[in-house]
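A.B. asks: This is a predicted model, with the sequence first.
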Amino acid sequence: MENIVLHKAETRGHANHGWLESYHTFSFASYHNAERMNFGVLRVLNDDTVAPGMGFGKHPHRNMEIISIPLEGDLEHKDSMGNTTTIHYGDVQVMSAGTGVQHSEFNKNKDSQVKFLQIWVIPNKENVTPRYDQISLDKKDRLNTFQQILSPNSNDEGVWIHQNAWFHLANFESGFSSEYKFKSKGNGLYLFNLKGDIEVNGQELTTRDGLGIWDISEVVIKANSDSEFLLMEVPMELPK
């Protein structure tokens, strides 16, 4: 029997710091909800908007897989590993914090905001050597299909992390439907709907809604309007 958890967009945690507006699907910083600590090893899903010329100063992370997916604008990244890069819409960035890393993220544009998803996944290995990677994707490769952007395998499509997880992005045209088959037994699927109206096994989702589903091996996703969404398949059991 499948299990489902629905997170409507308006029920997310919200913080507005002036320079940063953030919506939290799971407990983060000052937002604490005991019923929303994680979905399996998916620990953080923040929907961030950074004002022109502003950003996050240098701050530390350790023993977490951190994925950034830009949705609009350009975000400059600097870290203690010596990387200085800019990520744009169409890119995916990953950082294995491992034994410890410091980084900063800034919107260098003076006249446009940056929107991006910040995602944390609990790793299956602790105290690894910190690692950074980013890739550019062809957005045409997600039209009416699932474009893999992350996996556990360094030689597979997309970036990789220290976890038995797979992420996909998809743009479905109105009326299109497709079946997503889980990659690994014991995993769950968290779908975050970026825009449009879709159905997941008959459950309707509107823009910025999230749906977690597990104890099932496949789901059917149908677009009721032109839609864009992110699929995150992750282990449901936390590392011991």
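C.D. replies: Perfect, I can see it now.
A.B. asks: Can you list the low-confidence ranges for this structure?
C.D. replies: Nowhere does the chain drop to pLDDT under 70.
A.B. asks: can you pull out the helices in this structure?
C.D. replies: When assigned using DSSP state H, the chain turns out to have no helices.
A.B. asks: what's the closest non-adjacent residue to the spatially most central residue of the chain?
C.D. replies: Geometric centre of the chain, nearest residue: I119, 4.4 Å, by Cα atoms, centre = their mean. Using Cβ to Cβ, 6 or more residues apart in numbering and skipping the chain neighbours, the partner closest in space to I119 is I67 (4.3 Å). Where you see a C-beta, it was placed from the backbone N, CA and C, and this is true even at glycine.
A.B. asks: give the contact list for that neighbour.
C.D. replies: 92-95, 117-121, 150, 159, 161, 167 (Cβ atoms under 8 Å, 6 or more residues apart in numbering).
A.B. asks: Please report the distance of it from V92.
C.D. replies: Using Cβ to Cβ, to the nearest Å, I67 is found at 7 Å from V92.
A.B. asks: try P239
C.D. replies: 23 Å.
A.B. asks: Show me which of the contacts of I67 is closest to L75.
C.D. replies: Q93 (8.4 Å; Cβ to Cβ).
A.B. asks: Please report how far the closest one lies from I69.
C.D. replies: Taken as Cβ to Cβ, the span from Q93 to I69 is 8 Å.
A.B. asks: picking up where we left off before, check the contact between the residue nearest to the centre of the chain and D48; I expect there is one.
C.D. replies: No: in this structure, I119 is not within contact of D48 by Cβ atoms under 8 Å, at 10.7 Å.
A.B. asks: Name the nearest residue to T99, ignoring sequence neighbours.
C.D. replies: N127 (5.0 Å).
A.B. asks: Report the contact partners of the one you found.
C.D. replies: Residues in contact with N127 (Cβ under 8 Å, 6+ apart) are 63, 98-99.
A.B. asks: Look up phi and psi at it.
C.D. replies: Dihedral angles of N127 (phi, psi; degrees, to the nearest 10) stand at phi 60, psi 40.
A.B. asks: hmm, back to that, among the contacts of N127, who's most crowded?
C.D. replies: The most crowded member of the contacts of N127 is G98, carrying 20 neighbours; neighbours defined as other Cβ atoms under 10 Å.
A.B. asks: Next up, the contacts around it.
C.D. replies: Shown in contact with G98 (Cβ under 8 Å, 6+ apart): 62-63, 123, 126-131.
A.B. asks: separation between the nearest residue in space to it that is not next to it in sequence and V159?
C.D. replies: Among residues not flanking G98 along the chain, V128 sits closest, at 3.9 Å (Cβ to Cβ, 6+ apart). According to Cβ to Cβ, V128 stands 15 Å off from V159.
A.B. asks: which residues does the residue nearest to the centre of the chain bridge with?
C.D. replies: L45, I67 (DSSP bridges).
A.B. asks: Same check on Q148?
C.D. replies: H168.
A.B. asks: So what's the residue count around it?
C.D. replies: 19.
A.B. asks: Hmm, it is touching W160, no?
C.D. replies: No: contact criterion Cβ under 8 Å: Q148 and W160 do not qualify, at 10.7 Å.
A.B. asks: ok so, going back, any of the contacts of G98 buried? List them.
C.D. replies: The neighbour-count test (16 or more other Cβ atoms under 10 Å) marks 63, 123, 130-131 as buried among these.
A.B. asks: Those residues in strands, which ones?
C.D. replies: Of the positions in the buried ones among the contacts of G98, R131 sit in strands, assigned by DSSP state E.
A.B. asks: Include distance to L194 when you put the buried ones among the contacts of G98 into a markdown table, please.
C.D. replies: Output for those, formatted as a markdown table (distance: Cβ to Cβ, whole Å):
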| residue | distance to L194 |
| --- | --- |
| N63 | 28 |
| P123 | 25 |
| P130 | 29 |
| R131 | 27 |
